[in-house]
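Colleague: Got a predicted structure here, sequence first:
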Amino acid sequence: MGKHAPKSRKVKIQNRLSEVHEIELLEEWIESGKPESGSNPLSLEPLPHKAPVGRLPDGSFSRYAGCDRFSQLPVSKKTKDGLTQCKYKTMTDIQRASLPHSLCGRDILGAAKTGSGKTLAFVIPVLEKLYKARWGPEDGVGCIIMSPTRELGGQLFEVLKSVGKHHGFSAGLLIGGRKDVDAEKEHVNGLNILVCTPGRLLQHMDETPNFDCSQLQVLVLDEADRILDVGFKRDLNAIISQLPKHRQTLLFSATQTKSVQDLARLSLKDPEYLGVHEESDTATPNRLQQTAMLVPLDKKFDMLWSFIKAHLNSRILVFLSSCKQVKFVFETFKKLRPGIPLKCLHGRMKQDRRMGIYSQFCEQRSVLFSTDVASRGLDFNKAVDWVVQVDCPEDCAAYIHRVGRTARYLSGGRSVLFVMPSEMKMLEKLEEKKIPLRVIKANEKRIQSVSGILASLLVKYPDLQHLAQRAFITYLKSIHKQRDKEIFDVTKLPIDEFSASLGLPMTPKIRFLKQKLKGKTVSEALSLIPENTSDDNLLEFPIKDPEFPIKDPDAAGKSDVEEVDEDIFLAKETQEGGENINSKGDDMLATRITKKKKLKINVHRPVGTRVVFDEEGNTLPPLARLAASSSGADSVQLNKEKVNQRYAELRKNLKMADKEDKDLDRKRRKEKRIKEKMKNKRGREEEEQEDEELSGSDMEIPRGRVDKKTKIYFDSDDEDDKRKGDMAKDGIAADAISLAEQEELALKLLNSMHS
Ligand SMILES: Nc1ncnc2c1ncn2[C@@H]1O[C@H](COP(=O)(O)OP(=O)(O)OP(=O)(O)O)[C@@H](O)[C@H]1O
């Protein structure tokens, strides 16, 4: 990490000797004052500032557990110099509590409020561990520091570089979104410390020849609960399986996991749990003033606009739930010129731009609209004045991390949460988690409405209209996908009003709910669907034939079904006078006979056909019916021959008709597929993008999930069905757009391509 002038051999040897000597001394010192396992050094009195440090005249060592200055710790001169140059002198609570344990080589589960200095609590032991092991370039990867987001990875890398600048370790930042992955592959084997996101690390494990972590000494998970979360599960499990079990593991977060399962996954050995703020009255920093405001969905943009206009000299971080929301608010508000620079940050931006925006926001007063990509770990130069949560966070942990972007270390900060009437439960949950919130009312007189202006902007800029539609859909989708159904209930939202508040002239269709919600709230629309109706039935209500009651297909036995077949069949013959069976109508009949589903309920029996019943009210099988229509034995014989002949003829005709019908069906399906492909080309790409925006892309996108979403084209009917099944599983209506609508869309598309 540090740059050194070329040194003579003699100087090098001298340095090496003094390092060896220093390491021996440090090891003795650490050994002599090891804190009790399970103890919290915070409970000990700090050493007086002027007390002697290190080896004392009597040969013993000074106490380091409980001390509150970095200079009193058994750490190398190189690390101490780095800390001094960064102006770090006094330790924060989490540093005081954890460093005495971690310097002894113990596994740590560290939990402390946001902005309380957890980064140094793992950077220092990492440097010391490798230093004491005399780790060199030829030793390869000695430490991995994992971060859930690229920005946080970048920030950790900077801290590591500045505090470790006097050490000679090589370190690399391995994060997604950087184009130079091939160059990275060439160098990664020579790096000692990797700061990385899980996806990129796994990519190297999979693709870089001879990539080797078998000598790993320390594994660090910053924002550990997030990395251990389901989103990263597959990547993390794959990574862990390639790491040696014998290593030191350090986990830190403001909302720490204590799950035994998680700890077992990481093979932690009797970890020291150090939750330094557990006794605190609040789970958030004391200097943070938190408020909540009741804001209906359709008033959110008015409120946000008014808030920005009222705080033009502040640095405001605004959280929204999806990339599309962020883009929409950024693009429209920019056009409205609020009088303060606006910026946006989300997972779908190029990495260089993301980094640039992050640094600019640290430097000047401005408003940064962001997804949760900026919610964890980022330290915006301690200078965020306000955190505004326009969309409710998914849970209390997400809330804590978002507001934690302000009031860091010793500075103060303020936050406001917009809660919708349907989300009031969130306030209770936050209170239970020791989060002090003051619910305030906005001054109605100061609220400026922007929806009218947004509507005219959308007329002027058609791109904005498209963006507004996507923002509308992705927001509803994000609510629909939330796990906590007590708080997030898409059926309680005023859909039309929300659409209008975005400036949209019409409420867009919400395909994932399979309902056209025009003119209705979702709850109204959902109330139209019969209870216990499975997804696939929503668009296919059975058509009742008034003349013949429909048999319950589940209740009907096989014979019932067959009886219905023959019933249709014979009734037709009767109607046609037993002669003209090879008509167009019978072609259709033949097709229906092959389709079990429709036969079961017999809803397509041609209108005007008759069913004959016996005295007890049972329908007669066709042959019995023929017999019944004849009086004597001869006529039965005659009729039998006639019937056999007729059946042979019918079989032949049906075969032909069936073939024609299958050809027709194949042709129709092919045409449909082509149209769907064209539509998919635009629509599905956007939907996939939205899904990523909602879930994975805010954080580093776990690679498995991206793979799963790579496009599949459906060339066979089976695959078509499979797709419908998959979509249904995802809660997406495969048939949400009718064929007629699809055709109309495809035609429009074709026209636009030719014009
Ligand atoms: N001992 C210290 N003395 C002075 N400043 C410190 C000290 N330790 C950390 N800081 C500063 O405090 C700020 C917050 O530190 P850090 O980013 O490590 O917090 P954190 O606990 O990791 O927060 P989060 O939970 O949000 O990730 C940083 O600006 C850092 O430089």
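Modeller: Received it, and whenever you're ready, just let me know what you need.

Colleague: Please count neighbours and contacts with C-alpha atoms only from this point.
Modeller: OK.

Colleague: give me the low-pLDDT residue ranges for this structure?
Modeller: 1-7, 382, 512-643, 646-647, 678-755 (pLDDT under 70).

Colleague: What backbone torsions are found at Ala111?
Modeller: Backbone torsions for Ala111, taken as degrees, to the nearest 10, come to phi -130, psi 130.

Colleague: my read: Thr114 touches Arg408, true?
Modeller: Yes: in this structure, Thr114 is within contact of Arg408 by C-alpha atoms under 8 Å, at 6.9 Å.

Colleague: residues touching Ser375, list them.
Modeller: Ala398, His401, Arg402, Val403, Gly404, Arg405 (C-alpha atoms under 8 Å, 6 or more residues apart in numbering).

Colleague: Of those residues, which ones also sit close to the ligand?
Modeller: Checking those against the ligand by C-alpha under 6 Å from any ligand atom, the ones in range are Gly404.

Colleague: Considering the contacts of Ser375, which possesses the most neighbours?
Modeller: Within these, most neighbours by other C-alpha atoms under 10 Å means Val403, with 30 neighbours.

Colleague: Excluding chain neighbours, what is closest to that residue?
Modeller: Excluding the flanking residues, the one nearest Val403 by C-alpha to C-alpha, 6 or more residues apart in numbering is Val387, at 5.8 Å.

Colleague: Tell me the secondary structure of that neighbour, please.
Modeller: strand (DSSP: H, G, I helix; E, B strand; the rest coil).

Colleague: number of nearby residues for it?
Modeller: Counted with other C-alpha under 10 Å, Val387 comes out at 25.

Colleague: do the one 5 residues further on as well
Modeller: For Cys392, the number of neighbouring residues by other C-alpha under 10 Å comes to 21.

Colleague: nearest residue to it other than its sequence neighbours?
Modeller: Val419 (6.5 Å).

Colleague: Spell out which residues are contacts of both of Thr114 and Arg408.
Modeller: Pro285.

Colleague: Is it correct that Lys434 is in contact with Glu279?
Modeller: No: if you go by C-alpha under 8 Å, Lys434 and Glu279 don't touch, sitting 10.7 Å apart.

Colleague: Who has more neighbours out of those two?
Modeller: Counted by other C-alpha under 10 Å, Lys434 and Glu279 do not tie: Lys434 has more neighbours, with 13 against 8.

Colleague: which residues does the closest residue to the more buried one other than its chain neighbours contact?
Modeller: Computed as C-alpha to C-alpha, 6+ apart, the closest residue to Lys434 that is not its neighbour in sequence is Thr282, at 4.8 Å. By C-alpha under 8 Å, 6+ apart, the residues touching Thr282 are Lys433, Lys434, Ile435, Pro436.

Colleague: cool, and Leu109?
Modeller: Leu109 neighbours (C-alpha under 8 Å, 6+ apart): Leu250, Leu251, Phe252, Gln256, Pro271, Glu272, Tyr273, Leu274, Gly275.

Colleague: The fourth one: what secondary structure?
Modeller: Pointing back at Gln256 there. coil.

Colleague: residues contacting it?
Modeller: Taking C-alpha under 8 Å, 6+ apart, one finds Leu109, Gly110, Ala111, Glu223, Ala224, Asp225 in contact with Gln256.

Colleague: ok, those vs the ligand, which is closest?
Modeller: Of all those, Glu223 has the smallest distance to the ligand: 6.9 Å, by C-alpha to the nearest ligand atom.

Colleague: burial of that closest one, as a residue count?
Modeller: 25.

Colleague: Sketch out the strands for this structure, chain order is fine.
Modeller: 108-111, 143-146, 171-174, 193-196, 218-222, 248-253, 272-275, 288-294, 316-319, 342-345, 367-370, 386-389, 413-419, 438-440 (DSSP state E).

Colleague: Give the other helices and strands that the shortest one contacts.
Modeller: The one in question is strand 438-440. strand 288-294 (3 or more C-alpha pairs under 8 Å, 6 or more residues apart in numbering; DSSP states H and E).

Colleague: what does the chain put close to the ligand?
Modeller: So far as C-alpha under 6 Å from any ligand atom goes, the chain lies against the ligand at 88, 90-92, 113-120, 253-254, 376-379, 382, 404, 408-409.

Colleague: If any of those residues are buried, put those into a ChimeraX selection.
Modeller: Buried subset of these, written as a ChimeraX selection, criterion 16 or more other C-alpha atoms under 10 Å:
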select :88,91,92,113,114,115,116,117,118,119,120,253,254,376,377,378,379,382,404,408,409
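
Colleague: Which ones among the residues of the chain next to the ligand map onto helices?
Modeller: Lys118, Thr119, Leu120 (DSSP state H).

Colleague: now those residues in JSON lines, with distance to Asn15?
Modeller: Listed next are these as JSON lines, based on distance: C-alpha to C-alpha, whole Å:
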{"residue": "Lys118", "distance to Asn15": "32"}
{"residue": "Thr119", "distance to Asn15": "29"}
{"residue": "Leu120", "distance to Asn15": "26"}
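
Colleague: out of the residues you listed, who's nearest Glu28?
Modeller: Leu120 (23.2 Å; C-alpha to C-alpha).

Colleague: That closest one against Gln95, yeah?
Modeller: Yes: counting by C-alpha under 8 Å, Gln95 is a contact partner of Leu120 at 7.1 Å.

Colleague: Settle this for me: Gly117 is touching Leu378, isn't it.
Modeller: No: assessed by C-alpha under 8 Å, Gly117 is found out of contact with Leu378, at 11.7 Å.

Colleague: one step back: check contacts around the residue nearest to Val403.
Modeller: Val387 neighbours (C-alpha under 8 Å, 6+ apart): Ile316, Leu317, Val318, Phe319, Arg402, Val403, Arg405, Thr406, Arg414, Ser415, Val416.

Colleague: Over to Ser314?
Modeller: Arg365, Ser366, Val367, Val384, Asp385, Trp386.

Colleague: Compute the distance between the second one and Thr332, please.
Modeller: Counting by C-alpha to C-alpha, to the nearest Å, the gap between Ser366 and Thr332 amounts to 16 Å.

Colleague: what about the nearest residue to Arg247 once chain neighbours are set aside, neighbour count?
Modeller: Leaving aside its sequence neighbours, Arg247 sits nearest to Gln217 (C-alpha to C-alpha, 6+ apart; 4.9 Å). Neighbourhood size, Gln217 [other C-alpha under 10 Å]: 23.

Colleague: pretty sure Gln217 contacts Leu250?
Modeller: No: contact criterion C-alpha under 8 Å: Gln217 and Leu250 do not qualify, at 11.1 Å.

Colleague: on that earlier part again, pairing-wise in the sheet, spell out the partners of the residue nearest to Val403.
Modeller: Leu317, Ser415 (DSSP bridges).

Colleague: Tell me the spacing between it and the ligand.
Modeller: 13 Å (C-alpha to the nearest ligand atom, to the nearest Å).

Colleague: One more: Phe333?
Modeller: Counting by C-alpha to the nearest ligand atom - Phe333 and the ligand are separated by 28 Å.

Colleague: same check, this time on Ser456
Modeller: On the measure of C-alpha to the nearest ligand atom, Ser456 and the ligand end up 40 Å apart.

Colleague: from what I can see that residue touches Leu504, true?
Modeller: No: with contact defined as C-alpha under 8 Å, Ser456 does not reach Leu504; the gap is 9.4 Å.

Colleague: ok, those two, which is more surrounded?
Modeller: Using other C-alpha under 10 Å as the criterion, Ser456 and Leu504 rank with Leu504 on top: 26 against 13.

Colleague: contacting residues around that one?
Modeller: Contacts of Leu504 (C-alpha under 8 Å, 6+ apart): Ala455, Leu458, Gln465, Ala468, Gln469.
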